[in-house]
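A.B. asks: any chance you can model this:
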Amino acid sequence: MIKVGCCGYPVSRNKYWESLSLVELNNTFYSYPRIQTVVKWREEAPKDFEFTVKAHQDISHKSRLRLETALEPFEKMKGICRELRAKILLIQTPASFTPEGLEAAERFFKSISRNGLTIAWETRGPVWEEQKVRQRLKPILEKLDVPHVTDPFKTVPIYMGRTAYFRLHGRGEEMYYYQYSDDELRDLYNLVEPFSREGSEVYVLFNNLSMFDDSKRFLSLVKEGRIPPLREKKGLEAVGDLLSRIVYPSTKSAISKKVGWNLIETVEGRQIRLSELLDDLPSRTYKNVEDLLSELRKRRLSEGLS
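C.D. replies: Numbers count the residues shown, from 1 in each chain. Coordinates of the predicted model:
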């Protein structure tokens, strides 16, 4: 089974529930919701809707998995998970948490009382991708049954147990500013489907600016074997629609940062990133949408779009 959702609600809850049946609650990383509020969240969601929960930063960033100070916030998070009927609590350590903290992490995971809750760990930072570090980490995760959370486009988890938990943050130069192409979604399916075939319960959580649309498109691929169109508009019409979201006058660099990560579907059925078109434009301030579109036409960059 492959379950698909977003890290947090990117749209209204009612709209979200119409399309997706899984969400990773992220606001629990910043504050502890009242139990009455948590109960309400569970009651208002569809009966078959599933929550996973991101652990409070008290555990990962402040206590840095030191049992003496992390145990109390962990017990709070466990209570929240219980009320939500959440099966998974995600702990995401910062990039500043290096392998020097492995001893504290091992003691924490060994000592906590889980009561059936799966504790998944997302290690961050390039040092955790080094082979010698992965070799140190693997036996600890296996022994303590802690699934390793990764972005499948970056690295393969070294241990999953019964739960394969993936978080996707985009593949652009800047984290989150990304939209996944059809080809990338097919690649993603090929990366995670074998884990499902081998018996793991697979969770795929998108955590990028277009996560709601990407989640729906990927879920359609999982369930129906097809990916729906990016949006209703195509070609130059789609370009104009995206550029209309900008407040003008605006510079080329500001426009590219805000909307350049979006994909455009051409009338020929190809997908190109808007930044590819913007890169070839003069670096100046643009007065309005038509000013930009006029420059695209003048430089013949709109060919194939209309």
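A.B. asks: low-confidence bits of the stretch 151-300 of the chain, can you list those?
C.D. replies: Counting by pLDDT under 70, the stretch 151-300 of the chain has low-confidence residues at 300.
A.B. asks: which residues of it fall in helices?
C.D. replies: For the stretch 151-300 of the chain, the helices defined by DSSP state H, counting those that start in this stretch cover 182-197, 211-224, 235-243, 252-259, 274-279, 289-298.
A.B. asks: tell me what angle the third one forms with helix 252-259.
C.D. replies: What that stands for is helix 235-243. 90 degrees (axes from the mean of the first three to the mean of the last three Cα atoms, to 10 degrees).
A.B. asks: how distant is helix 235-243 from the center of its chain?
C.D. replies: 26 Å (Cα atoms, centre = their mean, to the nearest Å).
A.B. asks: pull the longest helix from this structure.
C.D. replies: helix 67-84 (DSSP state H).
A.B. asks: could you save the helices of the stretch 151-300 of the chain as CSV and add columns showing mean neighbour count?
C.D. replies: Glycine gets a C-beta too; all of them are placed from N, C-alpha and C. Below are these laid out as CSV (neighbours: other Cβ atoms under 10 Å):
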stretch, mean neighbour count
helix 182-197, 15
helix 211-224, 20
helix 235-243, 19
helix 252-259, 17
helix 274-279, 18
helix 289-298, 16
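A.B. asks: minimum distance to F109: which of those helices has it?
C.D. replies: helix 182-197 (21.6 Å; Cβ to Cβ).
A.B. asks: elements contacting the closest one?
C.D. replies: Here helix 182-197 touches strand 2-7, strand 163-168, strand 201-206, helix 211-224, going by 3 or more Cβ pairs under 8 Å, 6 or more residues apart in numbering; DSSP states H and E.
A.B. asks: can you redo those as CSV with distance to E142?
C.D. replies: Listed next are the helices and strands packed on helix 182-197 as CSV, based on distance: least, Cβ to Cβ, whole Å:
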stretch, distance to E142
strand 2-7, 23
strand 163-168, 13
strand 201-206, 18
helix 211-224, 28
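A.B. asks: what's the closest of those to P126?
C.D. replies: Using Cβ to Cβ, the helices and strands packed on helix 182-197 put strand 163-168 closest to P126, at 16.5 Å.
A.B. asks: okay, buried residues for the closest one please.
C.D. replies: Buried residues in strand 163-168, counted by 16 or more other Cβ atoms under 10 Å: T163, A164, Y165, F166, R167, L168.
A.B. asks: got a list of what the third one touches?
C.D. replies: With contact set as Cβ atoms under 8 Å, 6 or more residues apart in numbering, Y165 has these partners: T52, I88, L90, A120, P147, V149, P157, Y203, L205.
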